[in-house]
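**Q** pasting the structure only:
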């Protein structure tokens, strides 16, 4: 990603982990307030809190960046146990595993198409209403 | 021996071993899509547990619970800070987010709801059980969010995890093809970025960055935004149409 020309000194890694741990702790408390029928997972709350803290400059980018980037760079590996978890549901997989796989693949394409085109439509409507044709459309013509 | 094998060392070692084998295969084949390290790791890990069960005359589920899970859970826990860290790429592109925040949020909620209809329909078409259908619905959210949301409406979260992994594999393998066929370069960039980020998360974001800066930024927005949208929409959808 783009880096600012004047790189500020990163906070010590333990401090960065401390910020993550504090936010996750608070998030887990908030998460427990929601009923079982409306689950709001801890990492989701953590994500929102971290974004708010960054946007309000209470937490600076250089205080969380190094640890956060490390975590994101390892995320594919961290998904391994959730994948292997299927070993505990092999009965279900035997019954409808193939269908599950096909539906997952089709679902991916559905999500891509629907979100992309709804987004395109909303942007176009928004631009019609405000009458603004900003750089978005101009660069579109040059882009292809 | 058994007392040692139930310690977390076993699961952590297996996880790293299978993932590294996947990475090695991926490099050797110049990035063949079926050898995505995560997919290889998942399949290989399950095969190891199945063989283990055969040899010891136990069931795979028992072996998984007793020997793999203690270590697996430790790695799995780190998904909490990793998922939370998605706020950082979003904040880095706050300039773009501020400009399009309204369109982005509206898109993710409306588009997300329509996607749920689509996925539900496909599930019915293929005759999936209620457990699997509930597992399929929240897959647009990132795994660590999708799994508890699926479990909340009675889905098997292991199936959700697999669906999320397959999303990444599909986008990795087919992104260029889909972008061309679906004419995603011809529509406003905000839409393309949101679509790729929602469908492929980190993999989709990487593909979106290749298309351009706005697409990449919107993909980062989508990873966070669609997780929030799914968390809100899935229980509502479930209460309205599946109860």
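**A** Thanks, I have it. Everything quoted here is computed from the prediction, not taken from an experiment.

**Q** center of chain B - which residue?
**A** For chain B, residue B:164 is the residue whose C-alpha lies nearest the centre (C-alpha atoms, centre = their mean; 2.6 Å).

**Q** Kindly report the same for chain A.
**A** Geometric middle of chain A (C-alpha atoms, centre = their mean) lands on residue A:47, at 7.8 Å.

**Q** Got the confidence number for residue B:126?
**A** In this model, residue B:126 is scored at 94, pLDDT.

**Q** just residue A:141 next, same as before
**A** Looking at residue A:141, its pLDDT reads 41.

**Q** so who does the closest residue to residue B:64 other than its chain neighbours touch?
**A** Sequence neighbours aside, residue A:87 is the residue nearest to residue B:64 in space, at 4.1 Å (criterion: C-beta to C-beta, 6 or more residues apart in numbering or on different chains). The C-beta positions use only the backbone N, C-alpha and C, and glycine is treated the same way. Contact analysis of residue A:87 by C-beta atoms under 8 Å, 6 or more residues apart in numbering or on different chains lists B:45-46, B:49-50, B:60-61, B:63-64, B:68.

**Q** Buried by neighbour count, from these: which ones?
**A** For the contacts of residue A:87, a burial check counting by 16 or more other C-beta atoms under 10 Å in any protein chain shown picks out B:45-46, B:49-50, B:60, B:63-64, B:68.

**Q** Could you measure from residue B:47 over to residue B:67?
**A** 15 Å (C-beta to C-beta, to the nearest Å).

**Q** more crowded one of those two?
**A** Comparing residue B:47 with residue B:67 by other C-beta atoms under 10 Å in any protein chain shown, the one with more neighbours is residue B:67, at 22 against 13.

**Q** Make sure the more buried one is actually in contact with residue B:6.
**A** Yes - taking C-beta atoms under 8 Å as the definition, residue B:67 is a contact partner of residue B:6 at 6.1 Å.

**Q** what does the average pLDDT come to for the top helix by length along chain A?
**A** Assignment by DSSP state H gives helix A:90-130 as the longest helix of chain A. The average pLDDT for helix A:90-130 rounds to 92.

**Q** Tell me if that helix is near chain B.
**A** Yes - for helix A:90-130, a contact with chain B is found by C-beta under 8 Å from any C-beta of the partner chain, at A:90, A:92-93, A:95-96, A:99-124, A:126.

**Q** Selecting buried members of these in ChimeraX, what would you type?
**A** If you want just the buried ones from the residues of helix A:90-130 next to chain B in ChimeraX, going by 16+ other C-beta under 10 Å, the selection is:
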select /A:90,92,93,96,99,100,102,103,104,105,106,107,108,109,110,111,112,113,114,115,116,117,118,119,120,121,122,123,126
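
**Q** Scan chain B for its longest helix.
**A** helix B:94-125.

**Q** Burial check on residue B:3, number of neighbours?
**A** Neighbour tally, residue B:3, other C-beta under 10 Å: 6.

**Q** Could you find the closest non-adjacent residue to residue B:116?
**A** Excluding the flanking residues, the one nearest residue B:116 by C-beta to C-beta, 6+ apart is residue B:237, at 4.7 Å.

**Q** Within the helices and strands, which one has that neighbour?
**A** Per DSSP states H and E: residue B:237 is located in helix B:213-241.

**Q** cool, and residue B:51?
**A** Assessed by DSSP H and E, residue B:51 sits inside helix B:37-56.

**Q** by how many degrees do that helix and helix A:90-130 diverge?
**A** Orientation check (axes from the mean of the first three to the mean of the last three C-alpha atoms, to 10 degrees): helix B:37-56 against helix A:90-130 gives 170 degrees.

**Q** after helix B:37-56 comes which helix or strand?
**A** Heading C-terminal from helix B:37-56 (DSSP H and E), you reach helix B:60-63.

**Q** returning to what we had before: run through the neighbouring helices and strands of the helix holding residue B:51.
**A** Packing contacts for helix B:37-56, counted by 3 or more C-beta pairs under 8 Å, 6 or more residues apart in numbering or on different chains; DSSP states H and E, involve helix A:75-78, helix A:80-84, helix B:8-28, helix B:60-63, helix B:157-181.

**Q** May I see the buried residues of that helix?
**A** For helix B:37-56, using 16+ other C-beta under 10 Å, the buried residues are B:37-46, B:48-50, B:52-53.

**Q** Can you pull the domain assignment for chain B?
**A** Domain ranges of chain B: B:2-77, B:89-241, per automatic domain parsing.

**Q** Apologies, that question was intended for chain A.
**A** Using automatic domain parsing, the domains assigned to chain A come out as A:9-77, A:97-130.
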